[in-house]
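S.K.: All I have is the shape, not the residue letters:
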């Protein structure tokens, strides 16, 4: 399914993922089917027969690429599992995937956008390496490291522009018809996953777009800033949050709840493990809280929502959630490609299954009702304070752009 | 390929199914000789280093995958082979499990145990009944065109490859199959006893005006003999012309289309085949044939593919007759099917073919000499404007 490089970033969103990250525990060797029944080697012989037929007879206009065929075999192996969340990423796709999970990467601090087939630096962010080098918002991108653009895939361009912090990337751009060349020294660029706004009269709004390694820290920053601004209640927006790194859900919960169970994990041998909410980082355990959810709230986002609901911390407001109760391992292979497969199921703190079930909100909103207003009304009543629920949320302007 | 091997041209997906829009492939079926296993081991050894990441992935699956069932290593192996073959990016190069491969060769023989329906995929991941085959078991049930098959013997076919669904529905003659179907918005379970289904290969008719009509459903193993018998019968009345109907014909065996082409075409070029390395093979028809002189019309449509296009292309290039109807499918490649040691198979594109005047039709199809559309209104009114045009064409050319 996800063989296209382009889809790598989207994949984390579309697949409603909850990931753990595995390391390269196995040393590669081809001696075959360790740990499998003895007849595996003979069973697998048909695979090599098929390969042999292809090598000998296929009408190939370009020479056969054994690496692509190997990647195809891995993708086919995973497809045969019948696991809708299993997938393979080739090394470039895995780099983007990793950037997205870790929440930062080496880059220049500008947003790329495409308009009518023209790729431009739509925003050069303040204090970024791109700004320091002299690039300006609106510059049209012509070449990266001397190679003229041959693609309008923003993900592919992102891979070319990103690199290790401290290294230099050369960008040829066009500004008001003039060609210009800049050398930009890459630095660490953060990929925000949290967006917040203090609405008029004491309502703090926090939107988590996905769960990356940076998410708990960003939520901490948001809570500090909102409370400093005088927030009397919190509206946590998890709508259309498809998940991400499952482990970071407990890091977020730790700031909203005073300990307890975050969720339960069930491994394939039936063993249940309770994942505790870490202590000592509570920032807002008493502030009235409501959580917005919808059909797109899945996985790690459902872990947070379920814990808030089970612990009675606040109501869920919105629509029935997606119901993804499985966790995938993201395993990097020795050549830099990666696979992801479902390794565990998770249950809510009280032990209810999520997979295929989802969470029913405490306050169900009709599709035409404004969930933000509903959440705000609840918070105003329960907090016993006056909240102006008419404030406008500024939409996130980065949609459709790729940060490099 | 040695000359001993029998070249065939295989309708890829014909089941108890139709495949108006599916094209056919050529193939050679033969089992790998024991030397094939040695070759497989050599192949494995050659790619050992590059392939190591596959085994890493395999072990992660073994150790970590969450499943209630034991891992099905056979399915994983077939999955790997399917993925490897798919990575070549050629829609006509495919891996077939033993069941699918058996089905494939049954189609070549033109008969198998089935329920007697033709099916096509639906948008929502199931298959629907397109047509009931006359005299088949399904005709005696409530099944009707448009019914959607949801499950076979309790197994949901949702998201299944059409071939997989077909393999489940077919089976030994005399055995029962349970179909869960959506019939008039209701779910109904039917138990049907499989019977021998023979795909009707040819139909002949003598039309008004002493015009011979011969339709050919596919170029299967029995087609040459049937066409020859039909021609003998039809030509007795000294018809003024002959209509060869290849509409919806997805292809079949290469040697069969050569034999059938030879009935209609005198000595001359028939088809050019080229390998990716540029090796060329030119095939010709001979002066042997029973219908080489008679005025000829070939009817085609978007379902005419592969072998049908070879024949129509040769008729067109050699000005043997008029091609009437709609743009054809456009499948200009040749496949070989190799059976592997456990009964599974790979079908691999090995050559491209070109018409006698060296036209490539892959992805484009042939444009008929006279284009006649077949509209939905025509279907409802029971009209066949393409056949009507063929008749009037033959009457006009006779008058000239």
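M.R.: Arrived safely. Small disclaimer: the values here were computed from a predicted structure and weren't measured.
S.K.: I figured residue B:298 hits residue B:318, correct?
M.R.: No. Using Cβ atoms under 8 Å, residue B:298 makes no contact with residue B:318, being 11.8 Å away. All C-beta atoms are positioned from the backbone trio N, CA, C, and that covers glycine.
S.K.: Neighbour count for the two, which is higher?
M.R.: Taking other Cβ atoms under 10 Å in any protein chain shown, residue B:298 and residue B:318 do not tie; residue B:298 has more neighbours (29 against 17).
S.K.: Who are the contact partners of that one?
M.R.: B:243-244, B:246, B:311-312, B:315, B:321-324 (Cβ atoms under 8 Å, 6 or more residues apart in numbering or on different chains).
S.K.: how about the nearest residue to the residue in chain A that chain B sits nearest to, chain neighbours excluded?
M.R.: Chain A approaches chain B most closely through residue A:76 (1.8 Å), counting by Cβ to the nearest Cβ. Nearest residue to residue A:76 in three dimensions, chain neighbours excluded: residue B:83, at 1.8 Å (Cβ to Cβ, 6 or more residues apart in numbering or on different chains).
S.K.: Thought residue A:79 was touching the one you found, still the case?
M.R.: Yes. Residue B:83 is in contact with residue A:79 according to Cβ under 8 Å; the separation is 6.4 Å.
S.K.: The two: who's more crowded?
M.R.: Under the neighbour definition other Cβ under 10 Å, residue B:83 and residue A:79 were set side by side, and residue B:83 has more, 25 against 19.
S.K.: Which residues in the helix or strand containing that one does the neighbour count mark as buried?
M.R.: Using DSSP states H and E, residue B:83 sits within helix B:73-86. Buried residues in helix B:73-86, defined by neighbour count with 16 or more other Cβ atoms under 10 Å in any protein chain shown: B:73-74, B:76-86.
S.K.: helix or strand right after it?
M.R.: Following helix B:73-86 toward the C-terminus (DSSP H and E): strand B:94-96.
S.K.: give the contact list for residue B:291.
M.R.: Here residue B:291 is in contact with B:231, B:235, B:242, B:263-264 (Cβ under 8 Å, 6+ apart).
S.K.: closest point of the stretch 151-300 of chain B to chain A, which residue?
M.R.: For the stretch 151-300 of chain B, Cβ to the nearest Cβ, closest residue to chain A: residue B:276, 4.6 Å.
S.K.: follow-up on the earlier one: what's the most distant pair in the buried residues of helix B:73-86?
M.R.: Of all pairs drawn from the buried residues of helix B:73-86, the one with the longest distance (Cβ to Cβ) is B:73 and B:86, at 20.0 Å.
S.K.: Residue A:314 touches residue A:286, doesn't it?
M.R.: No. Using Cβ under 8 Å, residue A:314 is not in contact with residue A:286, being 11.0 Å away.
S.K.: For these two, indicate the residue with more neighbours.
M.R.: Between residue A:314 and residue A:286, counted using other Cβ under 10 Å, residue A:314 has the larger neighbour count: 24 against 9.
S.K.: which residues of the stretch 301-400 of chain B fall in helices?
M.R.: B:307-317, B:376-381, B:385-399 (DSSP state H, counting those that start in this stretch).
S.K.: How many neighbouring residues does residue B:392 have?
M.R.: With other Cβ under 10 Å as criterion, residue B:392 counts 11.
S.K.: gap between it and residue B:356?
M.R.: 28 Å (Cβ to Cβ, to the nearest Å).
S.K.: returning to that earlier point: among the contacts of residue B:298, which ones are in strands?
M.R.: Members of the contacts of residue B:298 lying in strands (criterion: DSSP state E): B:243-244, B:322-324.
S.K.: circling back: include pLDDT when you put the contacts of residue B:298 into a markdown table, please.
M.R.: Formatted as a markdown table, the contacts of residue B:298 follow (pLDDT from 0 to 100):
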| residue | pLDDT |
| --- | --- |
| B:243 | 98 |
| B:244 | 98 |
| B:246 | 95 |
| B:311 | 98 |
| B:312 | 98 |
| B:315 | 98 |
| B:321 | 97 |
| B:322 | 98 |
| B:323 | 98 |
| B:324 | 98 |
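S.K.: Just give me the closest of these to residue A:305.
M.R.: residue B:246 (60.3 Å).
S.K.: hang on, that closest one packs against residue B:308?
M.R.: Yes. Shown here, residue B:246 and residue B:308 form a contact pair, counting by Cβ under 8 Å, at 4.2 Å.
S.K.: the more surrounded of these two?
M.R.: residue B:308 (32 against 29).
S.K.: any idea which helix or strand carries residue A:301?
M.R.: helix A:300-310.
S.K.: Can you name every helix or strand that that helix contacts?
M.R.: Helix A:300-310 is packed against helix A:247-253, strand A:261-267, strand A:289-293, strand A:316-318, with contacts defined by 3 or more Cβ pairs under 8 Å, 6 or more residues apart in numbering or on different chains; DSSP states H and E.
S.K.: Check what contacts the first one and list those residues.
M.R.: For helix A:247-253, contacts defined as Cβ under 8 Å, 6+ apart pick out A:18, A:20, A:208, A:211-213, A:215-216, A:219, A:262-263, A:275-278, A:281, A:300-301, A:303-304, A:307-308.
S.K.: ok, how many other residues are close to residue B:111?
M.R.: 16.
S.K.: Would you mind naming what in the stretch 151-300 of chain A lies close to chain B?
M.R.: A:267-268 (Cβ under 8 Å from any Cβ of the partner chain).
S.K.: low-scoring stretches of the stretch 151-300 of chain A, by residue?
M.R.: A:200, A:280 (pLDDT under 70).
S.K.: Common neighbours of residue B:246 and residue B:308, please.
M.R.: What both residue B:246 and residue B:308 touch, as defined by Cβ under 8 Å, 6+ apart, is the set residue B:300.
S.K.: ok, the nearest residue to residue A:289 once chain neighbours are set aside - contacts?
M.R.: Distances taken as Cβ to Cβ, 6+ apart put residue A:314 closest to residue A:289, at 3.6 Å, once the chain neighbours are dropped. If a contact means Cβ under 8 Å, 6+ apart, then residue A:314 has A:288-291, A:308 as its contacts.
S.K.: Same check on residue A:160?
M.R.: A:144-145, A:147, A:169.
S.K.: which of those count as buried?
M.R.: Looks like the contacts of residue A:160 have A:144, A:169 buried, using 16+ other Cβ under 10 Å.
S.K.: Widest-spaced pair of the contacts of residue A:160?
M.R.: So, the contacts of residue A:160 by Cβ to Cβ: farthest apart are A:147 and A:169, at 11.1 Å.
S.K.: Let me see the ranges of the strands in the stretch 201-350 of chain B.
M.R.: For the stretch 201-350 of chain B, the strands defined by DSSP state E, counting those that start in this stretch occupy B:202-207, B:211-216, B:241-245, B:268-274, B:280-285, B:295-300, B:322-325, B:333-339, B:345-354.
S.K.: With the stretch 251-400 of chain A instead?
M.R.: A:261-267, A:272-276, A:289-293, A:316-318, A:326-332, A:338-347, A:363-364.
S.K.: For residue A:257, grab the count of nearby residues.
M.R.: Neighbour number of residue A:257 under other Cβ under 10 Å is 24.
S.K.: typo on my end, it should be residue A:166
M.R.: 10.
S.K.: wait, isn't it in contact with residue A:186?
M.R.: Yes. Judged on Cβ under 8 Å, residue A:166 makes contact with residue A:186 at a distance of 6.7 Å.
S.K.: Which residues are in contact with each of those two?
M.R.: Joint contacts of residue A:166 and residue A:186 (Cβ under 8 Å, 6+ apart) are residue A:106.
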